[in-house]
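Visitor: Give me a 3D structure for the following:
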Amino acid sequence: MSMHWGITVEAEQRRHPFVPAPTGLEGREEELGMAVRALVRTLSDRTPYPHEFNDALVKSTLTHIQFCRNHGLVKEMQEHQVKTLEPVLKRVKMVMEKAGDPELALVGMFDRTACHYQLVKYTEVEPGLRRFPCPFKLVLEQGKRIGQYDMTIEDVHDQWCVPAWKGYASYLGVEIDVTECHGEMVEVRLKQIENVAEPARETVAAR
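Guide: Numbering: from 1, shown residues only. Below you'll find the predicted structure:
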């Protein structure tokens, strides 16, 4: 018997049209409520600047980068970033090799990881391409104003973002191009876009 979100497909087909489809969050309503409350509190915090939903994650990342810069550990930080994600990358690589589709590298690096979608406001998806707004500009500017950070947005991009993404891509056996960043949009593009399988192109286009 087929199952979908914990109920049978047959039961799903018989469901009354005015009954909403299951979300997958059934049984986690209390947790969902706490998450929404935390989000509302964060977005309501406008002192000393209007906080964004990713504020804590951005601050943590910037503090990590600043520490490594202060202690001459930038290269070690870059290597450690990739090494830490190796167990996840290994699974992504297995799926990629089985499917023979380099597009899955971008899916694994950006679409299916909370490390990315909790950090950026949104991601535009095209075959072989991911485009998203830089998440660091606001907090970096505020932190520099009070002496927490002494780096530029270009430093963050060149010393943390680009090495991490290219390190992930190298592990997965693909090459990527990353645009420069001055606090606005960033593009990550597969160099092997001509090898993206047609089914994946159709899947990506439908998102």
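
Visitor: Got phi/psi on Glu187?
Guide: phi -120, psi 130 (degrees, to the nearest 10).

Visitor: In contact with the nearest residue to it once chain neighbours are set aside, which residues?
Guide: Using Cβ to Cβ, 6 or more residues apart in numbering and skipping the chain neighbours, the partner closest in space to Glu187 is Thr179 (4.4 Å). For glycine as for every other residue, the C-beta is placed from the backbone atoms N, C-alpha and C. By Cβ atoms under 8 Å, 6 or more residues apart in numbering, the contact list for Thr179 reads 185-188.

Visitor: out of these, which one sits closest to Lys166?
Guide: Val188 (9.3 Å; Cβ to Cβ).

Visitor: That closest one looks like it's in a strand, true?
Guide: Yes - read with DSSP: H, G, I helix; E, B strand; the rest coil, Val188 is one of the residues of a strand.

Visitor: List the beta-bridge partners for it.
Guide: Arg130, Val178 (DSSP bridges).

Visitor: burial of it, as a residue count?
Guide: 22 (other Cβ atoms under 10 Å).

Visitor: domains of this structure?
Guide: Domain ranges of the chain: 1-44, 54-205, per automatic domain parsing.

Visitor: Can you lay out those as JSON lines showing mean pLDDT?
Guide: Shown next, in JSON lines, are those (pLDDT from 0 to 100):
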{"stretch": "domain 1-44", "mean pLDDT": "74"}
{"stretch": "domain 54-205", "mean pLDDT": "92"}
